[in-house]
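> Predicted model, plus sequence, below.
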Amino acid sequence: MTDATRPARTRFAPSPTGFVHIGSLRTVIFNWLWARHTGGQFLLRIEDTDRNRYVPGAEEQLLQSLRMMDLLWDEGPDIGGPHAPYRQSERLPIYHRHAEELLQHGYLYKCWCPPERLKQVNEERMARKEPPGYDRRCRFLSAAERAAEEASGKPYVLRLAVPLEGETVVNDLIRGPIVFQNALQNDAVMIKSDGFPTYHFAVVVDDHLMQITHVLRADEWIATSPLHVLLYQFFGWEQPVWVHVPNVLGPDGKKLSKRHGDTSVTEYLEKGYLPEALFNVLALVGWGPDDNTEILSREELIQRFDIKRIQPSGGIFNLEKLNRFNGIYIRKLTPQQLAERILPYLQQAGLVATPASEAERARVEELVPLIQERLVVLSEAPDQLAPFFVAPESYDRDLLIPKKLDAATTRHALQAAHEALAQLEAWSVPAIEATLRALAEQLGLKVGDFFMALRVAATGRKVSPPLFETLHALGRAETLQRLERAAEALTAATAA
């Protein structure tokens, strides 16, 4: 099964109880990459048997998150497939049929113990400093006792009859054999009293029937993996390749949490992280190619991904690294591509109409080169481009007047710049730069002071894209109007 020349069938089987977070997305990426690398299939299955934790709308959110990341599936609840249905709540007859098979062979047994008794048993075990767990009372009822329980009509669950002796071995591809003593395992519930299967039972039945060849999942499932191995053995089925992938850790080496940035995938994408950058970064958390290459396209990752190179220890997710990668990917885009990416943010900020006109789209594409080198996330675009759409309403005197100049000198410099720029024959970046540098020398001003006053006059702020490119993008008429208004503001300030 580990042979990469054989098509693999992998799956993502989320529970609709919340959003897809960074940690689970990394596991999805590993599953998706292995399926694509081997020319196999990637399945999406919704595990919604825990009705108490079911969150309405969560399934749609899960699917949308994967679509936004372009992690499309070959079979799933929305597109069907040869092993439908792909929603566990619609597969109850399948689970009941397989549970009955194990019940008849003695691998499952009925348990009528009420919650009150189970609680008491756990309290007594903990008082004896023993791990909590069921005492197997119903497993060893006499025939008469069992008949009486059957006749009572009381609700019951089906429990797994774990062997009382021996070992269960989980052969993990990247960790090797993991040995569990059967005597320390609990007779876990497989079918609940409401008729719904627990995760442990449903996942094994579904993975087998859907012909899953490789189970890549978080290492938190190692502790309960003996239950899954035993079910495969009891059914007489071939086991999949077990690959328990390492935890995603924060920069401090602890398991990723909200304080590290373990928020929903949609939050990252809405903030303006590119799916391809997030994909690249997460693919390298707990895995890496043979060399030190970091920037890898999706196609390169598909080609080079090998599950045998997944590390058994945790991998670091670093927001600084994501910011760096995102900037690199932003600069890989063409102006037209980047304009399309930032357009929704400009619309949300009210800088561009919804829908945008062709003239507005062209204008945004024209402005993109001014900020492309400066963007870290797409959501920064409205602030950086705002001065090109909205003129300063007023001027902060402290910003407009350089520290080593006074109001009168600054006003005179702005008026001189207005006059010089008005006389330019060609409104080009080289002509604007040459004219203003010559003017600074003529006025006896330091270039830094003079240009800062011009920058604030044109944009209302001390930080903006390069000055000459900014003035060129604003256009002659708009530039002259802003310089005039800034000079008038200083005239009013001087008079006061």
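That came in fine, so what should we check first?
> CA only for contacts and neighbour counts going forward, please
OK.
> Any buried residues in the longest helix seen in the chain, and which?
Determined from DSSP state H, the single longest helix within the chain is helix 476-495. Going by neighbour count (16 or more other CA atoms under 10 Å), the buried part of helix 476-495 is 476, 478-480, 482-487, 489-490.
> where are the low-confidence patches of the chain?
Applying pLDDT under 70 to the chain flags residues 1-5, 258-262, 492-496.
> can you list the domain ranges for it.
For the chain, the structural domains run 9-88+248-316, 91-245, 333-387, 397-495, going by automatic domain parsing.
> what about the longest helix of the chain, distance to the chain center?
47 Å (CA atoms, centre = their mean, to the nearest Å).
> cool, stretch 400-412 as well?
Chain-centre distance of stretch 400-412: 49 Å, with CA atoms, centre = their mean.
> What are the boundaries of the helices in the stretch 351-496 of the chain?
358-371, 381-389, 397-400, 407-422, 429-443, 447-459, 467-474, 476-495 (DSSP state H, counting those that start in this stretch).
> quick one: buried residues of the fifth one?
Neighbour-count burial for helix 429-443, counted by 16+ other CA under 10 Å, picks out 429, 432-433, 435-436, 439-440.
> same thing with the first one?
Neighbour-count burial for helix 358-371, counted by 16+ other CA under 10 Å, picks out 361, 363-365, 367-371.
> how about the closest residue to Phe196 other than its chain neighbours, what does it touch?
Using CA to CA, 6 or more residues apart in numbering and skipping residues adjacent in sequence, the residue nearest Phe196 is Thr49, 6.0 Å away. Each residue near Thr49 by CA atoms under 8 Å, 6 or more residues apart in numbering is listed here: 88-89, 196-199.
> swap in Asp48?
Applying CA under 8 Å, 6+ apart, we find Asp48 in contact with 15-16, 54, 87-89.
> Save these as JSON lines, and put in distance to Tyr329 too.
As requested, the contacts of Asp48 are exported to JSON lines (distance: CA to CA, whole Å):
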{"residue": "Ser15", "distance to Tyr329": "32"}
{"residue": "Pro16", "distance to Tyr329": "32"}
{"residue": "Tyr54", "distance to Tyr329": "37"}
{"residue": "Arg87", "distance to Tyr329": "36"}
{"residue": "Gln88", "distance to Tyr329": "38"}
{"residue": "Ser89", "distance to Tyr329": "41"}
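> Just the buried subset of the residues you listed, written out for PyMOL, thanks.
Buried subset of those, written as a PyMOL selection, criterion 16+ other CA under 10 Å:
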select buried, resi 15+16+54+87+88+89
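> just to revisit the earlier point, and the contacts of Thr49 as CSV, adding secondary structure?
Formatted as CSV, the contacts of Thr49 follow (DSSP: H, G, I helix; E, B strand; the rest coil):
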residue, secondary structure
Gln88, helix
Ser89, helix
Phe196, coil
Pro197, strand
Thr198, coil
Tyr199, helix
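> So which of the residues you listed is the closest to Val169?
Nearest to Val169 out of the contacts of Thr49 is Tyr199 (CA to CA; 20.2 Å).
> That closest one: neighbour count?
17 (other CA atoms under 10 Å).
> Then Pro56?
Number of residues near Pro56 (other CA under 10 Å) recorded here: 11.
> check contacts around it.
By CA under 8 Å, 6+ apart, the contact set of Pro56 is Pro16.
> ok, now how distant is it from Lys129?
As judged by CA to CA, to the nearest Å, Pro56 and Lys129 stand 40 Å apart.
> what does Ala148 give?
Counting by CA to CA, the gap from Ala148 to Lys129 is 33 Å.
> Columns distance to Gly350 on top of the buried residues of helix 358-371, output as CSV?
Listed next are these as CSV, based on distance: CA to CA, whole Å:
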residue, distance to Gly350
Arg361, 14
Arg363, 15
Val364, 13
Glu365, 17
Leu367, 17
Val368, 17
Pro369, 21
Leu370, 20
Ile371, 19
